[in-house]
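[1] Provided below for reference: sequence and predicted model.
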Amino acid sequence: MKDFPVFFLVFSELNYIFALQKTTIMKQQQVYNLKEFAAKYQLKDIFGAYAAHIHTDVLNGSVLRDMASERTLFYKILLVKSGSVKFEVVLGTESAEDEEHQLTASDLLVVSPKHVYKFTDISEDFEAECVFVDEEISNDLVYHLSDDKLKAALDIIHMIRDIVRHQHIYKVEMIQSMVNVLKLLVSELPYDNLMSTRDLRHKKNVYEIFLHLLYRNFKSERQIRFYADKLNVSSAYLSRMIKEISGTTVNDHITSLLYKEICNLLKQSDMTMGEIADYLHFNDQSALTNFFKTRAGMTPLAYRNQCN
């Protein structure tokens, strides 16, 4: 197992501090419902706090960036017609890493109320249509549309726009129907799940730090709480995450290292059973013997004799 340098741990700790700072900033941000959001950005195609439509040709780049960075209670759908824009997902999670993504023509982005986005590098020929709706759509996804699916998605967005603009008795029901059609349209399309990719990368980073901490401390620290505190996460979260990433439990990791260390000491040293028990912080020699016999099917002394 490779040993991780000290700067890796320091960098990771700084990441956690930065993540906490970002979470604090997000908590201080105002959270807008659609009616408040529309008033702030003077949206014209708006139906109460339920649905709105906007074309990017009425926005400049700075306004689009500001809108993307707002915390809201509604879903945002962005369909790119031409050009490109780069963005990062800003989250209030343990992870402080922001992975940059890019939207290009025929991409459809769904933004849930849970997250805030940071738009950068908006191309001069960028053109998109946006629908804001107080209806659950999906997790944060980028869908890749073929030409025929692009036309169908634009038709749905334009129908939502027209419903919003004109008087209808059943506006809510009509918009709900269009949103459901959009869900059906994209349900079989290829997509990038922005959250799961980012979350998996974060978990793998935490797992690597856990392994480093474990190799440095397993001889004396065998409680999950010790490692969870070092990683600034709960014991329950660490248990789930280690199982998810590695397929084995925290206790499996600890006992495996401990067993291998006992085997190495029995084969490569002249330490007595009592000395090994003290070195590895067992309560006594009997506890060491019971631990080893359960895994090896023989006593430590029998194992040593077998190896010699």
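    Thanks, I have it. Numbering: from 1, shown residues only.

[2] quick one, helices of the chain?
    6-28, 34-41, 61-68, 147-165, 171-186, 194-217, 224-231, 235-246, 250-268, 273-279, 285-296, 300-307 (DSSP state H).

[3] Quick check: which of these is nearest to Ile122?
    Closest of these to Ile122 is helix 61-68, at 4.6 Å (criterion: C-beta to C-beta). Backbone N, C-alpha and C define where each C-beta goes, glycine included.

[4] one step back: out of the helices of the chain, which comes closest to Asp121?
    helix 61-68 (9.6 Å).

[5] average model confidence for that closest one?
    The average pLDDT within helix 61-68 is 88.

[6] Please apply the same query to stretch 90-108.
    pLDDT averaged over stretch 90-108 gives 69.

[7] and if you look at stretch 291-300?
    92.

[8] what sits up against that stretch?
    255, 258-259, 262-263, 266, 273, 276, 282, 288-289, 303, 306 (C-beta atoms under 8 Å, 6 or more residues apart in numbering).

[9] let's see 6 Å
    Residues from elsewhere that reach stretch 291-300 (C-beta atoms under 6 Å, 6 or more residues apart in numbering): Tyr259, Ile262, Leu266, Met273, Thr289, Tyr303.

[10] Identify whichever of the helices of the chain lies nearest to Gln102.
    Closest among the helices of the chain, using C-beta to C-beta: helix 194-217, at 11.9 Å.

[11] give me the number of residues near the nearest residue to Ala277 once chain neighbours are set aside?
    The shortest distance from Ala277 to any non-neighbouring residue, by C-beta to C-beta, 6 or more residues apart in numbering, is to Leu288 (4.1 Å). Residues within reach of Leu288, counting by other C-beta atoms under 10 Å, total 23.

[12] and what of Leu182?
    Every residue meeting other C-beta under 10 Å relative to Leu182 is counted, giving 25.

[13] Go ahead and confirm it touches Ile156.
    Yes: using C-beta atoms under 6 Å, Leu182 is in contact with Ile156, at 5.0 Å.

[14] Are any of the contacts of stretch 291-300 buried, and if so which?
    Ile262, Leu266, Met273, Thr289, Tyr303 (16 or more other C-beta atoms under 10 Å).

[15] Report the contact partners of the first one.
    Which is Ile262. Phe292.

[16] Let's see that with 8 Å instead.
    Counting by C-beta under 8 Å, 6+ apart, Ile262 has contacts Ile276, Leu280, Leu288, Phe291, Phe292, Pro300.

[17] ditto for the second one
    The contact partners of Leu266, by C-beta under 8 Å, 6+ apart, come to Ile276, Pro300, Tyr303, Arg304, Cys307.

[18] what do you get for the fourth one?
    Taking C-beta under 8 Å, 6+ apart, we find Thr289 in contact with Met273, Thr299, Pro300.

[19] distance of the second one from Leu266?
    Here the distance between Thr299 and Leu266 works out to 10 Å (C-beta to C-beta, to the nearest Å).

[20] cool, the first one as well?
    Met273 is 9 Å from Leu266, where distance means C-beta to C-beta.

[21] Pull the number of nearby residues for Phe291.
    18.

[22] how many other residues sit next to the closest residue in space to Lys267 that isn't next to it in sequence?
    Nearest residue to Lys267, sequence neighbours excluded (C-beta to C-beta, 6+ apart): Cys307, at 4.7 Å. A count of neighbours around Cys307, defined by other C-beta under 10 Å, yields 10.

[23] Check Leu34 too.
    23.

[24] OK, contacts around the residue nearest to Asp66 when sequence neighbours are not counted?
    Closest residue to Asp66 in three dimensions, ignoring its sequence neighbours and counting by C-beta to C-beta, 6+ apart: Tyr41, at 7.9 Å. Tyr41 is in contact with Val63, Asp66, Met67, counting by C-beta under 8 Å, 6+ apart.

[25] quick one: the residue nearest to the last one when sequence neighbours are not counted and Arg304, what's the gap?
    Looking back up the chat, that one is Met67. Distances taken as C-beta to C-beta, 6+ apart place Tyr41 nearest to Met67, at 6.0 Å, with adjacent residues excluded. Look at Tyr41 and Arg304: by C-beta to C-beta, they are 76 Å apart.

[26] now do Val85
    Applying C-beta to C-beta, the value for Val85 to Arg304 is 66 Å.
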